[in-house]
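[1] Need coordinates for the following:
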Amino acid sequence: MATVCAILLATLMGCASGEATVPSPFDGNRALGYVRTFMEFGARVPGSEAHRRAGDWIASEMRQRADTVIEQVWTHRTQAGDSIPLRNILARFRPMAEERLLYVTHWDSRPISEKSSTDEQRKLPTPGANDGGSGVGLFLALGDVLRATPPEIGLDLLFVDGEDYGTFTPDVDVLLGSTWFANNLPSANYQPLFGIVFDMIGETDLRILQEGHSLNRAPEVVERVWRVAADMGHGNIFVPSTTFEITDDHLPLLNKGLRVIDVIDLEYAYHHSVDDTIDKVSARSLKAVGDVAWRLLQR
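    All right, here's what the predicted structure looks like:
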């Protein structure tokens, strides 16, 4: 199956250079509007009322766009012994198509803002406008495009929960939704051509470098994404320079043999702070990333 996927991916890559003249229909302003609406629910800390309502909203919105919406619901037992309700939302376009891509974003908020400047602020949850909200806005706006003009190949838009719940280094109670999905795939033979995690992709001064794990473990996917971005005039945002390895939702999927990379802005100054608010998110940046996400679906 891996050989077949490699051949199909090479075929898709060979088509890319002839597509650049077709304008992208992705609307960055609409994506920003969805981020703004999403933020009105409040911090989406698992177990909170804001978390429940925000998840209901995502599921409802995607049912209006996708062919099929599947929810994975479970309870996670933390290392401290607490039980938290979690929910992944999988929106599928052309669910029966064998050739498909997987796009992933997390939608939860972190319970603490440990990078904030004061002790009181550090006890607060992160608002998560860019860290979580930007990916949600991206996916909803992309869903609008695909509802109007369905993709020629299948697409799975996966909203994962619990990415940011626990502690990093050591990694405890984090990447919960992507780990659950990796262990509960839609089918036994589920093998998308490739996948992309979109994380913190809305900052005004957006620069996305090539993340280390992605480049080491799925270099052909990195090459494809950055080449498409350059062809579309977004080479100033998708910068072809390598950065360090990051623990993110692509790792559980890579460990299951899926060719998934991380498209993430690792220079975001308001990461895990109370200042990760809607004013930090840009329609222009969302447009650039949305253009690339849409182009990758074209034959």
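[2] Excluding covalently adjacent residues, which one is nearest to the most centrally placed residue in the chain?
    Computing the C-alpha centroid of the chain and ranking residues by Cα atoms, centre = their mean puts T105 first, at 2.3 Å. Spatial nearest neighbour of T105, chain neighbours left out: G135 (2.8 Å); criterion: Cβ to Cβ, 6 or more residues apart in numbering. (C-beta placed from N, C-alpha, C; glycine too.)
[3] where's the residue nearest to the centre of the chain relative to G257, distance?
    Remark: distance between T105 and G257 (Cβ to Cβ, to the nearest Å) = 21 Å.
[4] give the contact list for E71.
    E71 makes contact with 59, 87-90, according to Cβ atoms under 8 Å, 6 or more residues apart in numbering.
[5] Out of those, who's the most crowded?
    Counting neighbours by other Cβ atoms under 10 Å, I89 comes out on top of the contacts of E71 with 26 neighbours.
[6] Show me what that one bridges to in the sheet.
    According to DSSP bridges, the partner residues bridging I89 are E71, F159.
[7] so where's this structure uncertain?
    1-21 (pLDDT under 70).
[8] just the strands in it please.
    For the chain, applying DSSP state E gives strands covering 68-77, 83-93, 100-106, 154-160, 194-199, 208-210, 238-242, 260-264.
[9] thought the residue nearest to the centre of the chain was touching V136?
    Yes: contact criterion Cβ atoms under 8 Å: T105 and V136 qualify, at 6.4 Å.
[10] Could you pull out the residues contacting both of those two?
    The contact sets of T105 and V136 overlap at F159 (Cβ under 8 Å, 6+ apart).
[11] backbone phi and psi for the closest residue to V22 other than its chain neighbours, please?
    Among residues not flanking V22 along the chain, Q298 sits closest, at 7.2 Å (Cβ to Cβ, 6+ apart). Backbone geometry at Q298, expressed as degrees, to the nearest 10, gives phi -80, psi 140.
[12] and Q298, how many neighbours?
    16.
[13] Enumerate every residue touching the residue nearest to T105.
    Applying Cβ under 8 Å, 6+ apart, we find G135 in contact with 105-107, 159, 198-199, 201.
[14] Next one: it from R100, what distance?
    Separation of G135 from R100 (Cβ to Cβ): 19 Å.
[15] I figured G47 hits R87, correct?
    No: using Cβ under 8 Å, G47 is not in contact with R87; the gap is 11.2 Å.
[16] show me where the protein has helices.
    Using DSSP state H, the helices assigned to the chain run over residues 2-15, 28-39, 49-63, 119-122, 134-148, 176-183, 212-217, 219-231, 250-255, 283-295.
[17] what's the last one packed up against?
    Pointing back at helix 283-295 there. Counting contacts by 3 or more Cβ pairs under 8 Å, 6 or more residues apart in numbering; DSSP states H and E, helix 283-295 packs against helix 28-39, helix 134-148, strand 194-199, helix 219-231.
[18] Please repeat the previous calculation with a cut-off of 10 Å.
    In terms of contacts (3 or more Cβ pairs under 10 Å, 6 or more residues apart in numbering; DSSP states H and E), helix 283-295 is packed against helix 28-39, helix 134-148, strand 194-199, strand 208-210, helix 219-231, strand 238-242, strand 260-264.
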